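[1] kindly return the folded structure for what I paste below:
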Amino acid sequence: VVLLGAAPMVVHEETKSIKAMGWILAVSVLSPLVVGLAAICYSWLRHYRPEKSFGIFLCHHKGGAGSLCRLLKLVVAKHSKTE
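    Okay, here's the model as predicted:
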């Protein structure tokens with residue numbers, strides 16, 4: 001299919017024609033391999049570096065700001081992906 005699509009673009013000089021067809025075939029064969037390798041690397045990266053299990057980290061002093069931190073957590077939870 002690639003050869004049929006590229007045939008009208010080929011010049012009639014034989015040396016340039018062979019060189020052009022070589023490049024067209026090399027790109028059409030190597031492109032899926034590169035995309036497949038990139039997909040495997042991306043899935044490997046996602047497997048070994050999982051997303052954070054939290055969206056925000058709240059820290060407070062136990063005696064003074066516990067209830068304020070709880071209120072802030074409830075407000076932020078409405079606008080965040082955390083559960």
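[2] mind pulling up the pLDDT for Leu25?
    If you check Leu25, the pLDDT there is 82.
[3] quick one: neighbours of it, just the number.
    13 (other Cβ atoms under 10 Å). Using the backbone N, CA and C atoms, a C-beta is placed for each residue, glycine as well.
[4] just for the protein, where's the confidence low?
    1-14, 52-64, 81-83 (pLDDT under 70).
[5] mind naming the longest helix for this protein?
    When the chain is scanned for its longest helix (criterion: DSSP state H), the result is helix 14-48.
[6] from the contact counts, what lies against that one?
    For helix 14-48, the packing partners by 3 or more Cβ pairs under 8 Å, 6 or more residues apart in numbering; DSSP states H and E come out as helix 2-6.
[7] any idea how far Leu37 is from Pro50?
    22 Å (Cβ to Cβ, to the nearest Å).
[8] who's more crowded, the two?
    Higher neighbour count among Pro50 and Leu37: Leu37, with 10 against 7, using other Cβ under 10 Å.
[9] list the buried ones in the longest helix of the chain?
    Across helix 14-48, burial judged by 16 or more other Cβ atoms under 10 Å covers 21, 24.
[10] kindly export stretch 41-51 (C-alpha atoms) in CSV.
    C-alpha atoms of stretch 41-51 as CSV (Å, rounded to 0.1, in the frame of the first residue of the first chain):
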residue,chain,number,x,y,z
CYS,A,41,8.5,2.7,27.7
TYR,A,42,5.6,4.9,28.7
SER,A,43,3.7,2.0,30.3
TRP,A,44,6.8,0.8,32.1
LEU,A,45,7.4,4.3,33.4
ARG,A,46,3.7,4.5,34.6
HIS,A,47,4.1,1.1,36.3
TYR,A,48,7.2,1.9,38.3
ARG,A,49,6.3,5.5,39.1
PRO,A,50,2.6,5.4,40.1
GLU,A,51,0.6,8.6,40.7
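[11] what does it rub up against?
    Counting by Cβ atoms under 8 Å, 6 or more residues apart in numbering, stretch 41-51 has no neighbours from elsewhere in the structure.
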